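Novice: Fold the following for me, if possible:
(chains A, B, C and D)
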Number of protein chains: 2
Amino acid sequence: MTTPKRVTIRDVARRAGVSVATVSRVLGGDYPVLAATRNKVTRAVRELDYVPNAHARALSADRPGAIAIVVNSVAVPYYALIAQGVEEQAAQEGRLSLICTTGGDTARELSIVQLLREQRAEAVILVGSVIVDEEYRTRMTEYAHALAAAGSRLVLCGRPPLGEGAPALVVGFDNTGGAHAVTAHLLSAGHRRILYLGLRPGHSTSDSRVAGYRSALAEYGVPGDPSLEVEAEFDRDAGYAAMNRRLAAGPPDFTAVFAGNDLLAAGAVQSLREHGLRVPAEVSIVGYDDVPPAQDLGLTTVHLPHDELGRAAVRLALGRLTSSPMTLGTHIVVRDSVRSLGPRRSGS
Amino acid sequence: MTTPKRVTIRDVARRAGVSVATVSRVLGGDYPVLAATRNKVTRAVRELDYVPNAHARALSADRPGAIAIVVNSVAVPYYALIAQGVEEQAAQEGRLSLICTTGGDTARELSIVQLLREQRAEAVILVGSVIVDEEYRTRMTEYAHALAAAGSRLVLCGRPPLGEGAPALVVGFDNTGGAHAVTAHLLSAGHRRILYLGLRPGHSTSDSRVAGYRSALAEYGVPGDPSLEVEAEFDRDAGYAAMNRRLAAGPPDFTAVFAGNDLLAAGAVQSLREHGLRVPAEVSIVGYDDVPPAQDLGLTTVHLPHDELGRAAVRLALGRLTSSPMTLGTHIVVRDSVRSLGPRRSGS
DNA sequence: ACGTCTGAAGTAACCGGTTACCTGACATCG
DNA sequence: CGATGTCAGGTAACCGGTTACTTCAGACGT
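Specialist: The predicted structure is shown next:
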């Protein structure tokens, strides 16, 4: 038999022999209350095991709401690491943070945003790249206005900024720079035929990485070759499948692979191995993100300060940071998935 | 300049020329309302972009609260996968779910549980193993009663059940069975000197895996050897460090390793490689959990139905399932990290 | 035509806190 | 000694919904 009636602030007041206002003040903080009164109240609270109702509080006082982060899936390390940064910073700021997942489903994203509006979340952080088209832009702009109307801030993480009018803050990684750097790394090791794995036209993250790839090639005077740009989603299975297809067509016509992210790289490595191609002896490969599989694979990749992104998003949302859009730097992590071809190239 | 005042149900009522009760009924659902009236209301809602306040709703009506899952870190795949299962099932049950992280900090766990009491969460799912001592038991029992008093259900995932009286539901994996199976796998491949990596006395998960390991050894008539049971936390770094220490002391006095989880295994593999020991040619290794690094390492391991655990936890919390404690089965996944020693053993 | 029943819509109390404003006791001051 | 200031603490309105109870109009029966 559980407690039939929840214990409320009036129960506490009655028990302590004071008014509800006094109880509220003792609990609330700074209002002056006599030590004796304070003691009576705290004792009553303890004796009754009183827990204030967060909903009632939120309703009357305009207290800070929760900070929500919305991601595709928490099982994808990229998102998990950013979410972790958000959680840490939010905790540090004394906020409750919650992670919501959409599974990449637009309809579910919409209902989550709606839910967060109803919850009067203090901030909503939308993470992860998407296909940026007109439909997307209008949807985001709607979110931005709707959330602003509900008093929530919107932060876009790793997504391109919206139009001028939309009240959305933006923070992301320097994908083009990182991609440039890691491609240059391959080029300076003597590679000239570099496969880009993970083409996704319209997909913001992929697009900016491709841009870095192309600009590095151009810088080294290597002509671009569309047949070296292979489409693939950004997950392990896609990398595996794409590389399988490529290798089924014949022996590799490339000496190195730049995978759009580490998951793709992991899949590609598996495929290469199954085709009897050694990494890096026969094929070099680099990834992007520096998430868990990278270390185990000894993968040279681009390190992203995921938790800094999460932290920055929170601080931006809370008005602690002013510069938006802001871009976080990246740096290359050299492991041993790249073979130097030396000063001269060996023939195919 | 944002909207100075939030739009409330009274604004909608005024605009639609009806009473607040009518608006509430149109939004609420089943109460009979004339089609014409309903239309007026829905139009007003749309025109004003009205969003009901979830706090006010929660306060007046006793509607279902959110389902919260509390984990150490969302960046650990084991937790991420379980959390994913929870999210999916919760979404399916029409509940909002939130993930909270403690970073393994007891104080933070406490404040999160407190927060969830205040939020009147419908269910709180505590995941992850812990050192089970008297202090832990009393703490959990307190949580259980406190949450029950606030009307929330408590589900313990992968933690040992509490005493009879405590109102907590329990669901977990069959760790002993899985550990037995995977150890037997090594034994039947001819291994006799099997290192157990990840001893953590008092730690529930580790303890049950050790128990399975020992019982398999006993079954095969192999005497236990305490020097083959090595202490280590359940993460990659610990596995790496522990194996480094072991190998620094001299060449391996074991032919196989059973790592308490895949992360430990990943660390151990790195250490073995750096010491010039090939896996599985010179040292065989198996892990536990079947989380992402396992596939990339080609690790033979025990597969855990993580998302089923998450789903079961939610269904248990919602009273859809009655049997608690319940245990989920596991199965072994053979990759190629184990070498068969054949019918005879080669001498050391 | 009148009483009764039915169902749509309105009125206002209530959920559990917070806080503006008020009260009353005591200290201070001209 | 009365006017005034200070400060702990009480009273009650309010936050934004839901819903029990009430009202009222029209349909129906006789």
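
Novice: what helices or strands is the strand or helix carrying A:Y213 leaning on?
Specialist: Applying DSSP states H and E as the criterion places A:Y213 in helix A:204-219. When contacts are defined as 3 or more Cβ pairs under 8 Å, 6 or more residues apart in numbering or on different chains; DSSP states H and E, helix A:204-219 packs onto helix A:175-188, strand A:194-199. Any C-beta I mention is one placed from the backbone N, CA and C, and that applies to glycine too.

Novice: how much distance is there from the helix or strand following it to the middle of the chain?
Specialist: Per DSSP H and E, the first helix or strand lying C-terminal to helix A:204-219 is strand A:229-231. Per Cα atoms, centre = their mean, to the nearest Å, the displacement of strand A:229-231 from the mean C-alpha position of its chain is 24 Å.

Novice: Quick check: A:R137 touching A:L162?
Specialist: Yes - using Cβ atoms under 8 Å, A:R137 is in contact with A:L162, at 6.7 Å.

Novice: So the nearest residue to A:S97 once chain neighbours are set aside, which state does it fall into?
Specialist: Using Cβ to Cβ, 6 or more residues apart in numbering or on different chains and skipping the chain neighbours, the partner closest in space to A:S97 is A:A90 (3.6 Å). With DSSP: H, G, I helix; E, B strand; the rest coil as the basis, A:A90 sits in helix.

Novice: Quick check: nearest residue in space to the closest residue to DNA strand C within the stretch 101-250 of chain A, chain neighbours excluded?
Specialist: Using Cβ to the nearest atom of the strand, the single residue of the stretch 101-250 of chain A nearest to DNA strand C is A:R120, 13.6 Å away. Spatial nearest neighbour of A:R120, excluding adjacent residues (Cβ to Cβ, 6+ apart): A:G65 at 4.9 Å.

Novice: can you check A:V170 too?
Specialist: A:P325 (3.9 Å).

Novice: gap between that neighbour and DNA strand C?
Specialist: 34 Å (Cβ to the nearest atom of the strand, to the nearest Å).

Novice: doesn't A:D174 make contact with that residue?
Specialist: No - using Cβ under 8 Å, A:P325 makes no contact with A:D174, being 11.4 Å away.

Novice: Among the two, which residue is more densely surrounded?
Specialist: A:D174 (17 against 13; other Cβ atoms under 10 Å in any protein chain shown).

Novice: Now for the more buried one: which residues touch it?
Specialist: For A:D174, the contact set (Cβ atoms under 8 Å, 6 or more residues apart in numbering or on different chains) comprises A:327-330.

Novice: Setting aside sequence neighbours, what's the nearest residue to it?
Specialist: A:D174 sits nearest to A:T327 (Cβ to Cβ, 6+ apart), 5.0 Å away.

Novice: If you tally nearby residues, what's the number for the one you found?
Specialist: 15.

Novice: B:V33 versus that one, what's the distance?
Specialist: 52 Å (Cβ to Cβ, to the nearest Å).

Novice: what does A:T322 give?
Specialist: A:T322 is 48 Å from B:V33, by Cβ to Cβ.

Novice: Just want to know which of these two has more residues nearby.
Specialist: Neighbour totals were compared for A:T322 and B:V33, and B:V33 leads with 16 against 9 (other Cβ under 10 Å).

Novice: Need the pLDDT of that one.
Specialist: Per-residue confidence (pLDDT) for B:V33: 82.

Novice: buried stuff in stretch A:201-219?
Specialist: For stretch A:201-219, the neighbour count (16 or more other Cβ atoms under 10 Å in any protein chain shown) marks A:203-210, A:212-217 as buried.

Novice: Would it be right to say that A:I332 lies in a strand?
Specialist: Yes - applying three-state DSSP, one finds A:I332 inside a strand.

Novice: so how far is A:L81 from it?
Specialist: For A:I332, the distance to A:L81 - Cβ to Cβ - is 18 Å.

Novice: who's more crowded, those two?
Specialist: Counted by other Cβ under 10 Å, A:I332 and A:L81 do not tie: A:L81 has more neighbours, with 23 against 16.

Novice: hang on, isn't the more buried one packed against A:E308?
Specialist: No - in this structure, A:L81 is not within contact of A:E308 by Cβ under 8 Å, at 10.1 Å.

Novice: wait, what's in contact with A:Y143?
Specialist: A:113, A:124, A:126, A:154, A:168.

Novice: Pick the one among the residues you listed closest to B:R46.
Specialist: A:V113 (16.9 Å; Cβ to Cβ).

Novice: Against DNA strand D, how distant is the nearest residue to that closest one once chain neighbours are set aside?
Specialist: Closest residue to A:V113 apart from its sequence neighbours, by Cβ to Cβ, 6+ apart: A:Y143 at 5.4 Å. Per Cβ to the nearest atom of the strand, A:Y143 is found 19 Å from DNA strand D.

Novice: How confident is the prediction for A:Y143, by pLDDT?
Specialist: Looking at A:Y143, the pLDDT reads 88.

Novice: go on, A:V338?
Specialist: 95.

Novice: quick one: contacts for it?
Specialist: A:V338 touches A:185-186, A:189, A:256, A:280, A:284-286, A:300, counting by Cβ under 8 Å, 6+ apart.

Novice: show me what contacts the residue nearest to A:R120?
Specialist: With Cβ under 8 Å, 6+ apart, A:G65 has these contacts: A:58, A:119-122, A:152.

Novice: Turn those into JSON lines, including neighbour count, pLDDT and distance to DNA strand D.
Specialist: JSON lines is the format used below for the contacts of A:G65 (neighbours: other Cβ atoms under 10 Å in any protein chain shown; pLDDT from 0 to 100; distance: Cβ to the nearest atom of the strand, whole Å):
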{"residue": "A:A58", "neighbour count": "23", "pLDDT": "86", "distance to DNA strand D": "9"}
{"residue": "A:Q119", "neighbour count": "24", "pLDDT": "82", "distance to DNA strand D": "12"}
{"residue": "A:R120", "neighbour count": "22", "pLDDT": "83", "distance to DNA strand D": "9"}
{"residue": "A:A121", "neighbour count": "29", "pLDDT": "87", "distance to DNA strand D": "15"}
{"residue": "A:E122", "neighbour count": "23", "pLDDT": "90", "distance to DNA strand D": "16"}
{"residue": "A:S152", "neighbour count": "25", "pLDDT": "85", "distance to DNA strand D": "14"}
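
Novice: Now for those residues: which two are most distant?
Specialist: Between any two of the contacts of A:G65 (Cβ to Cβ), the greatest distance is 13.1 Å, for A:A58 and A:S152.

Novice: Enumerate the residues of chain A near DNA strand C.
Specialist: A:6, A:8-10, A:20-21, A:24-25, A:27-28, A:50-53, A:56-57, A:59-61 (Cβ under 7 Å from any atom of the strand).

Novice: give me that answer again for 10 Å
Specialist: A:5-13, A:19-31, A:50-63 (Cβ under 10 Å from any atom of the strand).

Novice: Which ones among the residues you listed lie within strands?
Specialist: In strands, judged by DSSP state E, none of the residues of chain A next to DNA strand C are found.

Novice: between A:A58 and A:S152, what contacts are shared?
Specialist: Common neighbours of A:A58 and A:S152, using Cβ under 8 Å, 6+ apart, are A:65, A:120.

Novice: follow-up on the earlier one: quick check on the residue nearest to A:R120: phi, psi?
Specialist: Backbone dihedrals for A:G65, given as degrees, to the nearest 10, come out at phi -90, psi -170.

Novice: before we move on, what about the one 3 residues further on?
Specialist: When read as degrees, to the nearest 10, the backbone of A:A68 gives phi -110, psi 140.
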